[in-house]
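Trainee: Generate coordinates for the sequence data below:
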Amino acid sequence: MLDGFNRHYRLFRTESARAKHRFETGDWHGQQRAQRERIEFYDLRVREAVQRLEKEFKAGEQPMELWHQAKLHYIGLLIDHHQPELAETFFNSVTTKILHRTYFHNDFIFVRPAVSTEYIENDEPAAKPTYRSYYPTPQTLRENVVRIIDNFQLRRDFEDLDRDAGYVLEAISGRLSQVKLRANFQIQVLSSLFFRNKGAYVVGKIINGFSELPFALPILHNRGGKLVIDACLFGEDELQMLFSFARAYFMVDMEIPSAFVQFLRSLMPRKPRAEIYNALGLAKQGKTLFYRDFLYHLKHSSDKFRIAPGIKGMVMLVFDLPSFPYVFKVIKDFYPLQKDTTREQIQGKYLLVKQHDRVGRMADTLEYSEVAFSRERFEDALIEEIRAFAPSQLEIGDRDGDGHEEVIIKHLYIERRMIPLNIYLQEAFDAGEKAQVERAVIEYGNAIKDLVAANIFPGDMLWKNFGVTRNGKVVFYDYDEIEYLTDCSFRKVPQARTEEEEMSGEVWYKVGPRDVFPETFEPFLLGNPAVREVFMKHHADLLDPAFWDAHKQRILAGHVYDIFPYERDKRFARRYRRPEAEVEVA
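Mentor: Okay, here's the model as predicted:
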């Protein structure tokens, strides 16, 4: 079991470390491919370990006492391990593939962690520390910024690193101008760069007395192929955007991931550890921590699961627990005639999103099977809803024989809860908040354009399929109709040939399975005059097939768009009049 995990993490870390070379050489397609493939590593290694245990030890036939002893011995092997929490999760994944779920309690798997991850460090002489500390004075702050960047040893020239360090110095000075520097003034920077899409990020914090200021420096290629520091992001909110649940996972070379998570948690104390592990590409550990948090929440709450508020979906049955900030989605067994799809196709769409660059516009999902809930925590109306629309996914009974009735959901997705955009707009209309309506409609169009730049056609673009996050970001979350943009054909509605065709309520022209007619979006989206006015002012191009086709052709030609998690006015190119053409941002 431990050999299997060590092999997994060695391959995972090697692929993450190669991101540096791909960034240096501008291999953007290779970076995207590696991000997709790395997600599959874990399940491959679990299958290998299961096969080996079955072949060499007939593991499934062993008595439970042996499994209990195996777990205790495994704990002993993790005492000086550098990734004990990940190894525990790997043990769980392999064990639950071999044993019947009746044995899924703490005697046989790690329901609770057994080995502490506090203060683990690599004591080998050549090992780099988790983070480096720098101790600048006001006079040496600029040269320390240069030193921070130089220590990453990027093998590509900067256009003008000293100039960019000056921009960073001005940004930092703007934050510290009215603050006296204390004796412990220092800059702590994580020792590995964070790679995603076409960017590399320096992540750290400035410590001054009792205050800590998180920061991140995005490093990009300019049009001439030289490197530039593009911005300086400050504070928890801007770091939260960088590590958003709606963005793709980072590639980071980490010997001790728990130490990185601990450092990042000091920058973003409101962000759950599960989401930080996810952001680092360690999604199985994220699932483990999420489930532990969820069980803990259930023990300390008493409200019931209910049908989620809002318009019901045709493909997914959605329920929630009011006190818990997530929603639970089950694929229905029956779909309306207009939804020509299958369970397998829907699961494939969710996997596509998991493996794709979500560009801050598609919510990440956690996928679980055979999840047990207490029956008494379910409203009767929800049970009847599941029985009516997804009976194959429901089992109710006393599986452990302890007199406690359970609800077993065979397969579900869990997503961060957001305010559905249609409800958000209706609340804004009811309150007479014109500015809120305008912001939401502009953000909606921006979300679609970001998805287009990422080679995603969302399919069903109704307002109800988008949500609004805590910071006002519009995010897409209904994936059953998404397609790659490059697989779609964008057409104008043909001119009617006869009066009968023009007056017909039916589609009289031929439509292929992936034909899209953007002008037909208008009746479904723009019935409200206030919404229509804002949309046509800012996003009328979304109704034109030429907009969609131009992006499609550019992507087919090999172009990879830049989509970064900060506003354009943060960029040094704008604030310091550096030529805008140096770096292209969609």
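
Trainee: Phe564 and Gly199 touch, don't they?
Mentor: Yes. At 6.1 Å, Phe564 counts as touching Gly199 under the criterion of CB atoms under 8 Å. To be clear about C-beta, it is placed using only N, CA and C from the backbone, and glycine gets the same treatment.

Trainee: quick one: common contacting residues for those two?
Mentor: 218, 220, 230 (CB atoms under 8 Å, 6 or more residues apart in numbering).

Trainee: Just the closest of those to Gln426, please.
Mentor: Pro218 (36.8 Å; CB to CB).

Trainee: Run a quick neighbour tally on the closest residue to the closest one other than its chain neighbours.
Mentor: Leaving out its chain neighbours, the residue that sits closest to Pro218 by CB to CB, 6 or more residues apart in numbering is Asp230, at 4.7 Å. For Asp230, the count of nearby residues is 26 (other CB atoms under 10 Å).

Trainee: which ones are touching Asp230?
Mentor: By CB under 8 Å, 6+ apart, the residues touching Asp230 are 199, 218-220, 564, 571-573, 583.

Trainee: would JSON lines of the shared contacts of Phe564 and Gly199 with distance to Ile482 be doable?
Mentor: Listed next are the shared contacts of Phe564 and Gly199 as JSON lines, based on distance: CB to CB, whole Å:
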{"residue": "Pro218", "distance to Ile482": "28"}
{"residue": "Leu220", "distance to Ile482": "28"}
{"residue": "Asp230", "distance to Ile482": "29"}
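
Trainee: Now, the contacts of Asp230 that are in helices?
Mentor: Mapping these onto helices (DSSP state H) picks out 572-573.

Trainee: buried ones in stretch 221-235?
Mentor: Neighbour-count burial for stretch 221-235 flags 221-222, 227-234 (criterion: 16 or more other CB atoms under 10 Å).

Trainee: Check stretch 340-352 too.
Mentor: In stretch 340-352, counting by 16+ other CB under 10 Å, buried: 343, 346, 349-350, 352.

Trainee: any low-confidence regions in this structure?
Mentor: Filtered on pLDDT under 70, the chain yields the residue ranges 101-105, 400, 501-506, 508, 574-586.

Trainee: Can you name the next helix or strand after the helix of greatest length in it?
Mentor: Looking across the chain with DSSP H, the single longest helix is helix 28-57. The helix or strand immediately downstream of helix 28-57 is helix 64-77, counting by DSSP states H and E.

Trainee: Does anything pack onto that following helix? Which helices or strands?
Mentor: When contacts are defined as 3 or more CB pairs under 8 Å, 6 or more residues apart in numbering; DSSP states H and E, helix 64-77 sits against helix 84-98.

Trainee: re earlier: which one's more surrounded, Phe564 and Gly199?
Mentor: Phe564 (25 against 20).

Trainee: ok, now how distant is Gly348 from Leu485?
Mentor: 17 Å (CB to CB, to the nearest Å).

Trainee: With Ala259 instead?
Mentor: 40 Å.

Trainee: domain parsing for this protein?
Mentor: 2-103, 131-297, 301-417, 434-543 (automatic domain parsing).
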